[in-house]
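K.L.:
I would like the atomic coordinates for the input below:
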Amino acid sequence: MFTPPVRRRRRGNPAAARTAVVLTLIGATLTMAPSAQAEPPAAPARPQGACDIYAAGGTPCVAAHSTTRALYATYSGPLYQVRRQSDDAVKDIGIVQPVAKPFADAGGYADAAAQDAFCANTVCLITTLYDQSGKGNHLYQAPPGTFRGPAVGGFDTLPIADMAPITISGHKAYGAYIMPGMGFRNNNATGLAKDDEPEGIYYVIDGTHYDSGCCFDYGNSSTNGRAVGTGTMETTYFGTATAWGRGSGPGPWIMSDMEAGLFSGYNAKQNDADPTIDSWRFLTAVVDGGGGNQWDLRGGNAQQGPLTTFYSGIRPGSLTNSSYYPMHKKGAILLGTGGDNGNGSSGTFYEGVMTSGYPSEATTDAVQANVVAAKYDVQRLGLSRLTTFTPGSTQDVTETFTNTTGSVAVGVKVSLSAPAGWTAVVKGTADRSTTFEQRIAPGESVSVTFTVTAAATTGAGFVSGKAEWTNPTFGGRQSTATTQAVRNVLPVKINEVRYRTSSNATDQFIELYNASASEVDLSNWTLTNTPSQSAPITLATIPAGTRLASGAYYLLGLSSSGLAAPATPGATTINVRSTTGFTVGQQVSIDTGSAAETRTVVGVGTAATAATTLFVPVSTGPWITIPADSTNMPVTSANGFAVGQQIGIDAGNGYEQATVTAVGKAATQTTLSAAAPAGATNIKVTADANMTVGDSLTVDTGGNTEVVTVTAVGTTGANGTGVDLATPLRLAHASGVDVSDPGTGISFSPATSRPHVSGASVQALGGGIVLDSPLAHGHPTGAAVVNPLVTTAGYQGSPAPNQWFGGALSTSAGSIALRDATGAVVVDAIVYGSQQSSSSGNGTITSPELAVMEADQGGGGCIAVVAGSAAGAGRSNARWPNGSDNDSLCHDFITTTVPTPGAANAK
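P.N.:
Presented below is the predicted three-dimensional model:
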């Protein structure tokens, strides 16, 4: 454990100071005219922020992000934006302004109450961290890089907005809680240091939330989400990764990510002067460097004391090589990931800045003092974790009030309320609250254990904790509240899942198991599948009248094919994900249960291809929007599209279908292979296969961006003939900067009826299967198409399934959710992914809102490690023993080499 030296400072004489104030006030009173009216009290001035200090030191902020407070005394814009999952509505969360009454408050902290009101009884995500510097360097959902994220289109997922409650200056605020797969980025930033230009960086984070995955960074990065060479990044880092470097002891350590290396000093590996830091709840990490062969690594407890210098010296390895000096920084910004979008990390971010120029040690010391003065502290009211309830069951929950007010709290009353039909009482009593008569000093905590009893009927809701107290300094009753989602469900479990065998990647099944003592009605329950990087689809709706006996199994198998697009009533052609094994004259069933229809195949065309995406211009986007009434769309790949065939655009409520009218070239994301001077009419590029005359190219990023038109396309490389431009370049551009071209894309008819954005699914639906007569009913995407004569695709095991599903599960990562007939209650879920190499994490998290429900995500991501292929029956993820569920995904499921569909699980 690292304990820094503490600077002892002599306090002034507080009694003398008070006497001086009193005398001043008396003098003012004696000179006041008798008829004068007392002026109303003025609100106190907003507190100084870190960026005010940097500016005074001659190194102004060029990026400033925080979810907790303003980093300038004059900043009054939003801190961050949240989006509700229930209706996709968004809200900017701003800053509380100074007030004089009912007691003086200087404000400057986040308006957490606005978030709580907007996000009440639903899940909100943090979508944007606003830049307070005025340069517009906001942080957005990270686009795909070398490593792709688990959200739609390969984007990283977004933090759940209420997972990191704290207090700052005695007021509630929230941090950005990063789980594996999450990240923010701005590849199109302006004003940041490039090459070896000097800069300063710091962030304030949770010193207890980390893992060994790559990489919980904040700072200067590449502009395209790829690893583009040593010395191209400069960031703060915190965690226990050891693949590239480490400090002393077991970690975690503050280090700097300089691309292809995490550094704690000069040496590439261990630096003993960089200590393990395991006792700071709030941590300040500082990395300053550039403008010469020099960089600093500093850290401090964000709640007290000064910064300590762990390293100050020349760049790593610079005595023997040029990998990290001179630097080749690219000037983009990231948070929570590595430069190549390595998104296996965990951490919680509260604030951070980047400066222009190399800050002095005195400046960073003053910034640390400013952070300490902001009074970061733990959440004031918290609840221990509740797991899944069954009807009538009970659990104990501990509610803890921590006095972070800065003053004594008197008469603290702690209560807990539960959803309608539930009860919550102080354990061992019939009381609904407890009042502590003793005075609770600042920093002290009191706890109450409540017994919560679920209703007799299933459902979901929230338990709400509340604490009330009197503050003798200001008078009056004050209060704070906290909530936790709960669910009350019948114990029907996703008991076993097989994703593939070595000989058949579609030999998949999902087994449900009734762990209750009674029969359960599964009528109209649904299974929803969310493959990593894709939108969720309904796998199956269990037919009405289906009842599952106690201890019994319900087996669902992947059908030989399934609908790749909705089939409308009257359709005679269906678009399918596979045509393997289908021949003319065979009978097929479309859908299951009462919706099933049987038809004879009269024509077999092509299957739908794997979906591509609407082009993501990662360096200058990460989004482009194709507006409503469009008939052309830029795509990442044009493979599989054919004139006259159907195209599927987007998913869910945004889904549209059209007919392809022309197939053009896919988009290009490339780089300059040689520097291009201002005035040039030819540029050298690394890739140009999809470029055509007339295309518009976006060259470079940030303030150096310009758009040019192609007049001729030659050969690639620094020595190639390059691409000719219609007009000369206005600016000079360095070798390696980004170049994007949306291409000529896919044209279609009719025009889109709604807008679509980068990353949306775009799928060539193929020629499909022609049926002998029109369909009587409509059938959704993912509905099973069953051909009993196909023996090479889909589930091939024994016993036969109770029901078929048509949408294939991802074999690498995703989630499956079982919902009741209302669709509003998740009965059970599995979130799975591949084991990360060199990491304590279990893989990126496809559906964070499900993962949080099914497991504590306080470490490196608790999800089920996907069972890979194996000879014979393969492997599966199985609960052991049957139905075992402690709401801990990484422990509830084992990998078994003996899959047992429809029977008791085996190890």
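K.L.:
now D650: how far from S758?
P.N.:
Using CB to CB, to the nearest Å, one obtains 12 Å as the distance from D650 to S758. Heads up, the C-betas are built off the backbone N, CA and C, glycines and all.
K.L.:
what stretches of the stretch 701-850 of the chain score poorly on pLDDT?
P.N.:
Where the stretch 701-850 of the chain drops to pLDDT under 70, the residues are 836-842.
K.L.:
Apply 80 and report the result again.
P.N.:
835-843 (pLDDT under 80).
K.L.:
got the residue ranges for the helices in it?
P.N.:
For the stretch 701-850 of the chain, the helices defined by DSSP state H, counting those that start in this stretch cover 848-854.
K.L.:
And the residue nearest the centre of the protein?
P.N.:
Geometric centre of the chain, nearest residue: L158, 2.6 Å, by CA atoms, centre = their mean.
K.L.:
The host helix or strand of I254 pairs with which strands?
P.N.:
Assigned by DSSP states H and E, I254 belongs to strand 253-257. Applying DSSP bridges to the sheet, strand 253-257 is found paired with strand 234-239 (antiparallel), strand 262-263 (antiparallel).
K.L.:
ranking these by burial, who's on top?
P.N.:
strand 234-239 (a mean of 28; mean count of other CB atoms under 10 Å).
K.L.:
Send over it as CSV, restricted to the C-alpha atoms.
P.N.:
Provided in CSV are the C-alpha atoms of strand 234-239 (Å, rounded to 0.1, in the frame of the first residue of the first chain):
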residue,chain,number,x,y,z
GLU,A,234,0.0,10.0,-24.5
THR,A,235,-2.6,9.2,-21.8
THR,A,236,-3.1,8.5,-18.2
TYR,A,237,-3.8,4.8,-17.3
PHE,A,238,-4.8,3.0,-14.1
GLY,A,239,-5.1,-0.8,-13.7
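K.L.:
Distance from that strand to the middle of the chain?
P.N.:
Relative to the mean C-alpha coordinate of its chain, strand 234-239 is positioned 18 Å out (CA atoms, centre = their mean, to the nearest Å).
K.L.:
same deal with stretch 794-804?
P.N.:
That offset, for stretch 794-804, works out to 36 Å (CA atoms, centre = their mean).
K.L.:
So which residues make contact with it?
P.N.:
504, 506-509, 540, 542-543, 546, 554-561, 592-593, 784, 786, 873, 899, 901-902 (CB atoms under 8 Å, 6 or more residues apart in numbering).
K.L.:
how about 7 Å then?
P.N.:
Stretch 794-804 is contacted from outside by 504, 506-509, 540, 542, 554-560, 592, 784, 786, 901-902, using CB atoms under 7 Å, 6 or more residues apart in numbering.
K.L.:
Buried residues of that stretch, list them for me.
P.N.:
G794, Y795, Q796, G797, P801, N802, Q803, W804 (16 or more other CB atoms under 10 Å).
K.L.:
Closest to D211 out of the residues you listed?
P.N.:
Y795 (36.0 Å; CB to CB).
K.L.:
Per-residue confidence, the nearest residue to P143 once chain neighbours are set aside, what does it come out as?
P.N.:
Leaving aside its sequence neighbours, P143 sits nearest to P622 (CB to CB, 6 or more residues apart in numbering; 3.5 Å). P622 carries a pLDDT value of 90.
K.L.:
contacting residues around P622?
P.N.:
Per CB under 7 Å, 6+ apart, neighbours of P622: Y140, P143, V616, S758.
K.L.:
The first one belongs to a strand?
P.N.:
Read it as Y140. Yes - under DSSP: H, G, I helix; E, B strand; the rest coil, Y140 sits within a strand.
K.L.:
Number of residues surrounding R226?
P.N.:
18 (other CB atoms under 10 Å).
K.L.:
So for it, what's the nearest residue that isn't a sequence neighbour?
P.N.:
R226 sits nearest to T146 (CB to CB, 6+ apart), 5.0 Å away.
K.L.:
what's the answer for Y795, then?
P.N.:
Nearest one to Y795, counting by CB to CB, 6+ apart, is G557 at 3.0 Å.
K.L.:
tell me, how many neighbours does G475 end up with?
P.N.:
The burial count for G475: 10, using other CB under 10 Å.
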